[in-house]
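Asks: what's the 3D shape of this:
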Amino acid sequence: MSGSANETARLAPGLRAFLAGPREGEPWPEPAGEYLASRQLFVEEQLLGQPTSRFVSEGGVRLNRVTCYWLSPDDLPAIARRRPGRSRLRFALVKFWLMFDELPPNRQYAVVRIRISLKPPAPVLMLRPDLSTPSTQTGPAATAVDLGADGFGWTFEAQEGSPLLARRQIALVLLELPEEVTELAGLFDAEALVSRRLLGTFTLRRSAPIDSAAPFLVSLADSCP
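Replies: Numbers count the residues shown, from 1 in each chain. Below you'll find the predicted structure:
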């Protein structure tokens, strides 16, 4: 699953279709009801002429939906096929469908950090930070982060000539799960660095939630075809 044309052609048709996802410009499937989870982000601003401050909304990240694909033994990377007790395990390739909210005028995302903490934790065998940008295109930098038992996530960073705009984003993770697991539960969190232009000067400000991480729950029977 490295992404080369030859390797992709050898994948099972169902797996190829899952990895293909929506093409650039294609509409996303609407979530069934509300978004799974969302994080509204805030910056702390000093009130002019006063010793107090206030929190002002500045951006946000939403977890639109989670979909997955059960891998067969032939689909697995070699490292997974050698896992002890593999016969009692299942391997799920999971897509996290993310959306970065619009920012107020004169502001851009410099960095967006996404963190997922599964409850209970699950071993991560592979992370891909960006499934929505073709490999032939340049764009913001994207880095996968494996935090062990504390979870995993992705960091997206603007580059010169490639701003990090309000956008939709698909990220991918390969999870090792006990065969009896029927749902994926966890916490969704995010924060950002936002660049603000004021009188020709750019400043970076941390934009973060003011409450605890948002829980989410996904039925694997519904999410894994």
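Asks: State the mean pLDDT of the longest helix seen in the chain.
Replies: For the chain, the helix that runs over the most residues, judged by DSSP state H, is helix 13-20. Here the mean pLDDT over helix 13-20 is 82, rounded to a whole number.
Asks: And it, what does it pack against?
Replies: When contacts are defined as 3 or more CB pairs under 8 Å, 6 or more residues apart in numbering; DSSP states H and E, helix 13-20 packs onto helix 5-9, strand 53-70, strand 89-100. Using the backbone N, CA and C atoms, a C-beta is placed for each residue, glycine as well.
Asks: what lines up beside the last one in the sheet?
Replies: With DSSP bridges as the test, strand 89-100 is paired with strand 53-70 (antiparallel), strand 168-178 (antiparallel).
Asks: how about the ones you listed in TSV, adding mean neighbour count?
Replies: Putting the strands paired with strand 89-100 into TSV (neighbours: other CB atoms under 10 Å) gives the following:
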stretch	mean neighbour count
strand 53-70	19
strand 168-178	19
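Asks: To V194, which of those strands lies closest?
Replies: strand 53-70 (5.6 Å; CB to CB).
Asks: Off-centre distance for that closest one?
Replies: Here the centre of mass of C-alpha atoms in strand 53-70, compared against the chain's by CA atoms, centre = their mean, to the nearest Å, lies 9 Å away.
Asks: Could you do stretch 144-164 as well?
Replies: On the basis of CA atoms, centre = their mean, stretch 144-164 is displaced by 9 Å from the centre of the chain it belongs to.
Asks: Quote the end-to-end distance of it.
Replies: Here the two ends of stretch 144-164 are set 16 Å apart, with distance taken as CA to CA, to the nearest Å.
Asks: Can you tell me what sits against it?
Replies: For stretch 144-164, the external contacting residues (CB atoms under 8 Å, 6 or more residues apart in numbering) are 100, 108-118, 121, 124, 127-130, 138-143, 169, 171, 173, 186-187, 195.
Asks: What of stretch 187-203?
Replies: Residues from elsewhere that reach stretch 187-203 (CB under 8 Å, 6+ apart): 36-37, 39, 41, 43, 58-61, 63, 103, 106-117, 119, 151, 158, 204-209, 213-216.
Asks: buried residues in that stretch?
Replies: Within stretch 187-203, the residues that qualify as buried by neighbour count (16 or more other CB atoms under 10 Å) are 187-196.
Asks: Low-confidence ranges, the chain, go.
Replies: With pLDDT under 70 as the threshold, the chain has low-confidence stretches at 1-10, 21, 23-33, 46-47, 49, 77-87, 130-138, 225.
Asks: how about L118, what does it touch?
Replies: With contacts defined as CB under 8 Å, 6+ apart, L118 is in contact with 151, 175, 184-186.
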